[in-house]
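Peer 1: Here you go, sequence then predicted model.
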Amino acid sequence: MKSDNTPAGAGNEDVGLPRNARLGLGLFFLYLLIYAGFVALNAFAAEAMGKPVAAFGGVNFAIVYGMGLIIAAFVLALIYMALCKDIGDAASEGER
């Protein structure tokens, strides 16, 4: 909804919103699957989460997976930002 003080021709800010929302939901569900794997392992294979991972200095798998979740969230956010920026750049070029 445009406000009364919106300049003429300035109502095209939400051109990519439906696509951005789909991208965001897709990345959210991808992260949800990764997180569901973490929860499932904790619920049904707790002994596997306690095993040390030699590649990470013997830290247990739960810590490695948890840190992976944090890193995955950051990477997915960067991917979302890059994809949304590309949409914004394409929309700006179309106005020229």
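Peer 2: Perfect, I can see it now.

Peer 1: Please make it C-alpha for all contacts and neighbour counts, starting now.
Peer 2: Fine.

Peer 1: For the residue nearest to the spatial centre of the chain, give me its contacts.
Peer 2: Nearest to the mean C-alpha position of the chain, by Cα atoms, centre = their mean, lies Leu76 at 3.4 Å. Residues in contact with Leu76, defined by Cα atoms under 8 Å, 6 or more residues apart in numbering, are 27, 31.

Peer 1: How about the helix or strand hosting it, which residues are buried there?
Peer 2: In the assignment (DSSP states H and E), Leu76 maps to helix 61-95. Neighbour-count burial for helix 61-95, counted by 16 or more other Cα atoms under 10 Å, picks out 61-62, 65, 69, 72-73, 76, 80, 84, 87-88.

Peer 1: Equivalent analysis for stretch 44-63, please.
Peer 2: 49, 52, 60-62.

Peer 1: Any chance of a markdown table for these, columns pLDDT?
Peer 2: Formatted as a markdown table, those follow (pLDDT from 0 to 100):
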| residue | pLDDT |
| --- | --- |
| Met49 | 94 |
| Pro52 | 94 |
| Asn60 | 95 |
| Phe61 | 95 |
| Ala62 | 95 |
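
Peer 1: out of those, who's nearest Ala21?
Peer 2: Distance to Ala21 across those (Cα to Cα) is lowest for Ala62, with 31.6 Å.

Peer 1: Wait, the closest one touches Glu47, no?
Peer 2: No - when contacts are counted by Cα atoms under 8 Å, Ala62 is not listed as touching Glu47 (10.0 Å).

Peer 1: okay, Cys84: pLDDT?
Peer 2: On pLDDT, Cys84 comes in at 89.

Peer 1: Perfect, that will be all.
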